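Asks: got a predicted structure plus its sequence, pasted below:
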Amino acid sequence: MIENVLVRKNVSLKIKITVKSLISVGIVALAVLLPQLVHLIAGQPGGVQWLPMYLPVLIGGCLLGWAWGLGLGIVSPIASYLITLAFGNPMPALARLPFMVVELAVFAAVSGLFSKKIAKNGWMAFPAVLLAQVAGRTVFMLLVLIFQSVAPFKPAVIWSQIQTGLLGMVLQAVIVPFIVMGLKLILDRNKNDRSTNSEE
């Protein structure tokens, strides 16, 4: 979606990379801070139930496309782990980190595949988020099944956590598209305002 805006403005490649990088930094920061806030309010179980890191990553995919989204999905949990490790309470836990990196990469990449469609029709954010959620959770579960002999958690435990997080997933399936649609309206309004000014 952001790519469409930048193309419309006919900006240079350097500016495109700068804008996308700044947005990415903001999204990664949110992916680090939001889980801390949720854990502070709702405790450790809050993370499993509300899945706070998923929300900014899904938004990032919708806004930036699959390639930048893939990067966000990989970097966000690693950044969260490294920053929180410095304070003695790493999130996510090291054992879960590789699984989350792959899962969030799938979340952001799949939602990012819809980015250009969302730029044309904001309602496409709904299937984008829903398909990203299904794909991400499915990949996570498959990885746990494949590596259960070496993973510190069993498929039954992860399946239980997926069920616990269903409410959070449903809420994000509604909230994220509306956030993306709201951002699209703002960007489209700016485009319309410029068109009106140029006609005057």
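Replies: Everything's here; your move. Just so it is clear, the model here is predicted, and its values are computed rather than measured.
Asks: CA only for contacts and neighbour counts going forward, please
Replies: Noted.
Asks: show me the shaky parts of the protein.
Replies: Scanning the chain for pLDDT under 70 picks out 190-200.
Asks: would you map the helices across it?
Replies: Along the chain, counting by DSSP state H, helices occupy 2-8, 13-42, 44-50, 54-64, 66-85, 97-112, 115-120, 125-146, 155-164, 166-199.
Asks: which elements pack onto the shortest one?
Replies: Applying 3 or more Cα pairs under 8 Å, 6 or more residues apart in numbering; DSSP states H and E, one finds that helix 115-120 makes contact with helix 54-64.
Asks: pick out the residue closest to the middle of this structure.
Replies: Val57 (1.2 Å; Cα atoms, centre = their mean).
Asks: tally of neighbours for the closest residue to Ser76 other than its chain neighbours?
Replies: Among residues not flanking Ser76 along the chain, Val28 sits closest, at 5.1 Å (Cα to Cα, 6 or more residues apart in numbering). Val28 has 24 neighbours, counted by other Cα atoms under 10 Å.
Asks: save the helices of the chain as JSON lines, and put in distance to Met91 too.
Replies: Shown next, in JSON lines, are the helices of the chain (distance: least, Cα to Cα, whole Å):
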{"stretch": "helix 2-8", "distance to Met91": "30"}
{"stretch": "helix 13-42", "distance to Met91": "8"}
{"stretch": "helix 44-50", "distance to Met91": "10"}
{"stretch": "helix 54-64", "distance to Met91": "13"}
{"stretch": "helix 66-85", "distance to Met91": "5"}
{"stretch": "helix 97-112", "distance to Met91": "8"}
{"stretch": "helix 115-120", "distance to Met91": "29"}
{"stretch": "helix 125-146", "distance to Met91": "17"}
{"stretch": "helix 155-164", "distance to Met91": "16"}
{"stretch": "helix 166-199", "distance to Met91": "18"}
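Asks: which stretch among those is buried most, on average?
Replies: Most buried of these, by mean neighbour count (mean count of other Cα atoms under 10 Å): helix 54-64, with a mean of 29.
Asks: which residues are in contact with that one?
Replies: Contact with helix 54-64 is made by 1-3, 20, 24, 27-28, 30-31, 68-70, 72-73, 76, 104, 107-115, 118, 125, 128-129, 132, 172, 176, 179-180, as judged by Cα atoms under 8 Å, 6 or more residues apart in numbering.
Asks: do stretch 139-153 as well
Replies: Counting by Cα under 8 Å, 6+ apart, 95, 99-100, 102-103, 106, 154-155, 158-159 sit against stretch 139-153.
Asks: thank you kindly, that will do.
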